[in-house]
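Visitor: predicted model follows, preceded by the sequence.
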Amino acid sequence: MAKWIKIIIALLLLAGGGYWAYAKLKPEPAPVVEPQPPITFEVTQETISQTIQVKGKSAYTEQTEVYAPIGGKVSNWSKKNGDAVKKGELLLSLETKTLQSEIKSMESDIRKSRLEIKQQELARQLPNSESIGDTEDARKTAALDRENKRLAYELGKESLSIKESELAQKKSALAAAAVKAPVSGVFVYGDQETKSQMLSEGQLIGKIINTELIQFKSVVSEQFINQIKPGMPVQVQLQSNKEQKFTGKITIVSRFPSATSSSDASQPSQFDIVVSLQADKLLIGGLTLEGQIETQRKENATVVPTLAILRDGSNAYVTLDKGNGETIRQDIKTGLEVDDKTEVLEGLKPGEVVVLE
């Protein structure tokens, strides 16, 4: 009996161990994978625009250079570097003592010449006692005397005219010795570190900057140059403060590449452009600016995400959701592509849904 009890206990132990091993080692059932819903996009109607990014520097539009009208020593600077000036205000004065002395001397010489001419004119009007001679020699002598007086008179008049012209030039130079601002603006020395004390005729004194007019100078790659035209709007921002926006308009598009870019055959040519900007207290010359040039703009365009568009050779199409899980291929005609959006010219309507495959 005891033997049977031992056998039963052994069988029970084996059965329990087998069940425990089965419970530990049996494979877990594979998880049920729920099908993922398709990614869909609604066809929208919106405004899209294509832009070109540019970078450059701000510069003042009008800078009028001021040159020394005559040479001489500066006797007084009426305006300092950076002073605001109005048209006609005195910038500086040149010493004129020598010039004034020359003018007085010339005026005296001219008065003397005028008296001499007057005397010659009176002498010519007097009757010549030898004008009627009995002999041929007497008549020749009288004719020669009259010709000499005429020549002296004509030479005197010509000499006087030259002296009067020189005097007028001297007086003009005297007036020009007071150098005045030709326009209004901010006066800047030619050499901004120092102001000259001796000037030669034609030497650059400085320039007057119109701070009310400012422009944005930049370059555009050859791949975009044919898309840009004068009059196009430009949205401009400071590189140091991108929140500050300005509005500009293209005024100049160069038709010739810049010298630096055209010399390197391995790089695309760059073309200079100029954008006029509206006056703003934050805009001064020499700032680094960034701009967006709007080259194309479409109002009320039918738009889909670019990644939803598939290609079959030269044909574009999308997968159109017809509802109830049904989809079809829909051929489309595309237009303007901007960033991650594409304009659809034919094949879709706003409100329809396309499926990403």
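Guide: Everything's here; your move.

Visitor: how many other residues sit next to Glu352?
Guide: Per other C-beta atoms under 10 Å, the neighbour tally for Glu352 reads 19. Yep, even glycine has a C-beta here, placed from its N, CA and C like the rest.

Visitor: identify the residue nearest it in space, chain neighbours excluded?
Guide: Val43 (4.6 Å; C-beta to C-beta, 6 or more residues apart in numbering).

Visitor: and for Gln203?
Guide: Per C-beta to C-beta, 6+ apart, closest to Gln203 is Ala68, 4.6 Å.

Visitor: one more: Lys322?
Guide: Closest to Lys322 by C-beta to C-beta, 6+ apart is Ile328, at 5.9 Å.

Visitor: pretty sure that neighbour contacts Tyr317?
Guide: No: using C-beta atoms under 8 Å, Ile328 is not in contact with Tyr317; the gap is 9.9 Å.

Visitor: name the surrounding residues that touch stretch 87-98.
Guide: Taking contacts as C-beta atoms under 8 Å, 6 or more residues apart in numbering, the residues outside stretch 87-98 that touch it are 66, 68, 70, 72-79, 85, 174, 177-184, 187, 199, 205-206.

Visitor: of those, just the buried ones, ChimeraX syntax please.
Guide: With 16 or more other C-beta atoms under 10 Å as the criterion, this ChimeraX line picks the buried residues out of the contacts of stretch 87-98:
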select :66,68,70,72,74,77,78,79,85,174,177,179,180,181,184,187,199,205,206
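
Visitor: looking at the contacts of stretch 87-98, which are in strands?
Guide: 66, 72-77, 85, 178-180, 187, 199, 205-206 (DSSP state E).

Visitor: quick one: neighbours of Ser165, just the number.
Guide: Ser165 - counted by other C-beta under 10 Å - has 10 other residues nearby.

Visitor: that's a helix at it, yeah?
Guide: Yes: counting by DSSP: H, G, I helix; E, B strand; the rest coil, Ser165 is located in a helix.

Visitor: if we can go back for a sec, contacting residues around the residue nearest to Glu352?
Guide: Val43 touches Thr302, Val303, Val304, Val344, Leu348, Lys349, Pro350, Gly351, Glu352, Val353, Val354, counting by C-beta under 8 Å, 6+ apart.

Visitor: from these, which ones fall inside helices?
Guide: Members of the contacts of Val43 lying in helices (criterion: DSSP state H): none.

Visitor: so where is this structure shaky, pLDDT-wise?
Guide: 1-35, 123-134, 136-140, 142-149, 153, 192-196, 261-263 (pLDDT under 70).

Visitor: now the helices for the stretch 201-350 of the chain?
Guide: Secondary structure of the stretch 201-350 of the chain by DSSP state H, counting those that start in this stretch: the helices cover 259-262.

Visitor: give me the three-state assignment for Gln36.
Guide: Gln36 is classified as coil under three-state DSSP.

Visitor: thinking Lys341 is in contact with Leu307, fair?
Guide: No: here Lys341 lies out of contact with Leu307, judged by C-beta under 8 Å, at a distance of 10.0 Å.

Visitor: follow-up on the earlier one: so between Ile328 and Tyr317, which is more surrounded?
Guide: For Ile328 versus Tyr317, neighbours defined as other C-beta under 10 Å are more numerous around Tyr317 (16 against 11).

Visitor: contact partners for that one?
Guide: Taking C-beta under 8 Å, 6+ apart as the test, what Tyr317 contacts is Ile309, Leu310, Arg311, Arg329, Gln330, Asp331, Ile332, Gly347.

Visitor: partner residues bridging it?
Guide: As for beta bridges, Tyr317 partners with Leu310, Asp331 under DSSP bridges.

Visitor: next one: the one 4 residues further on
Guide: In this structure, Asp321 has beta-bridge partners Thr327, where bridges are defined by DSSP bridges.

Visitor: contacting residues around it?
Guide: With C-beta under 8 Å, 6+ apart, Asp321 has these contacts: Pro38, Thr40, Thr327, Glu352, Val353, Val354, Val355.

Visitor: how near is the third one to Pro38?
Guide: In other words, Thr327. Here the criterion is C-beta to C-beta, to the nearest Å. By it, Thr327 lies 8 Å from Pro38.

Visitor: can you list residues touching both of those two?
Guide: Counting by C-beta under 8 Å, 6+ apart, the contacts common to Thr327 and Pro38 are Asp321, Val355.

Visitor: neighbour count winner among those two?
Guide: Higher neighbour count among Thr327 and Pro38: Thr327, with 17 against 13, using other C-beta under 10 Å.

Visitor: if we ignore the residues flanking it in sequence, what's nearest Leu213?
Guide: Nearest one to Leu213, counting by C-beta to C-beta, 6+ apart, is Thr61 at 3.8 Å.

Visitor: actually Ala178, not the one I typed
Guide: Closest to Ala178 by C-beta to C-beta, 6+ apart is Ser93, at 5.4 Å.
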